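**Student:** sequence? don't have it. structure:
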């Protein structure tokens, strides 16, 4: 029941966002290009990472992690530069080993959702010095892949298990985490 209500709330928010447009000739306000908003907190995204792997039957997982700090890769693991970090991670089911197609990807928590869907998503916060952190699962999400040549452009709206509204805008290159 709670998931149904959240899904309906999410759909309502998306409808309002799409239907509320201004008709005046005023230029649109400039938005931060790379931002993660969780509830009333806002983080500037500085690093994008990705990894691909084959899952089954010609399907591939395209995993993305976006951080608010610079990140180095050591022994195949991302190591945040700043002691305290925040980010978001999501995984897409795609039908090629290269990159996701342009378009919309939805996450509803459904098991085995098929190709062109988000299979999991969560926010990340942690302390690199103490190796502690927290993952908060996202319950519903809508992701737009707007660009996928050289640089990627993503826009996401979501609601997490703590009922926070989440918004992501990211445009830039993603660094490959080798398998």
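**Tutor:** Sure thing, it's come through. These figures come from a predicted structure and were not determined experimentally. Numbering: from 1, shown residues only.

**Student:** CA atoms for contacts and neighbours, from now on please.
**Tutor:** Will do.

**Student:** what's the helix or strand for residue 85?
**Tutor:** Using DSSP states H and E, residue 85 maps to strand 84-94.

**Student:** Quick check: next helix or strand after that strand?
**Tutor:** strand 103-107.

**Student:** Report the buried residues of that next one.
**Tutor:** 104-107 (16 or more other CA atoms under 10 Å).

**Student:** What of stretch 143-153?
**Tutor:** For stretch 143-153, by 16+ other CA under 10 Å, it's 143-145, 147-148, 152-153.

**Student:** May I see these arranged in JSON lines, with distance to residue 72, pLDDT and secondary structure as well?
**Tutor:** Shown next, in JSON lines, are the buried residues of stretch 143-153 (distance: CA to CA, whole Å; pLDDT from 0 to 100; DSSP: H, G, I helix; E, B strand; the rest coil):
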{"residue": "143", "distance to residue 72": "26", "pLDDT": "97", "secondary structure": "strand"}
{"residue": "144", "distance to residue 72": "27", "pLDDT": "97", "secondary structure": "strand"}
{"residue": "145", "distance to residue 72": "25", "pLDDT": "96", "secondary structure": "strand"}
{"residue": "147", "distance to residue 72": "24", "pLDDT": "91", "secondary structure": "strand"}
{"residue": "148", "distance to residue 72": "23", "pLDDT": "87", "secondary structure": "coil"}
{"residue": "152", "distance to residue 72": "19", "pLDDT": "95", "secondary structure": "strand"}
{"residue": "153", "distance to residue 72": "21", "pLDDT": "96", "secondary structure": "strand"}
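
**Student:** Which strands and helices lie in contact with the helix or strand where residue 140 lies?
**Tutor:** Residue 140 belongs to strand 132-147 when assigned by DSSP H and E. The contact analysis (3 or more CA pairs under 8 Å, 6 or more residues apart in numbering; DSSP states H and E) places strand 132-147 against helix 2-19, strand 103-107, strand 117-127, strand 152-160.

**Student:** What angle do strand 84-94 and it make with each other?
**Tutor:** 50 degrees (axes from the mean of the first three to the mean of the last three CA atoms, to 10 degrees).

**Student:** So that it lines up with my notes, have the first residue be 342 from now on.
**Tutor:** Okay, using 342 as the starting number, the last item reads as strand 473-488.

**Student:** what sits against the residue nearest to residue 455 when sequence neighbours are not counted?
**Tutor:** Distances taken as CA to CA, 6 or more residues apart in numbering place residue 434 nearest to residue 455, at 6.8 Å, with adjacent residues excluded. Each residue near residue 434 by CA atoms under 8 Å, 6 or more residues apart in numbering is listed here: 400-403, 455-460.

**Student:** can you check residue 441 too?
**Tutor:** 403, 433, 435, 457, 486, 489.

**Student:** thought residue 375 was touching residue 514?
**Tutor:** No: taking contacts as CA atoms under 8 Å, residue 375 lies outside contact range of residue 514: 11.5 Å.
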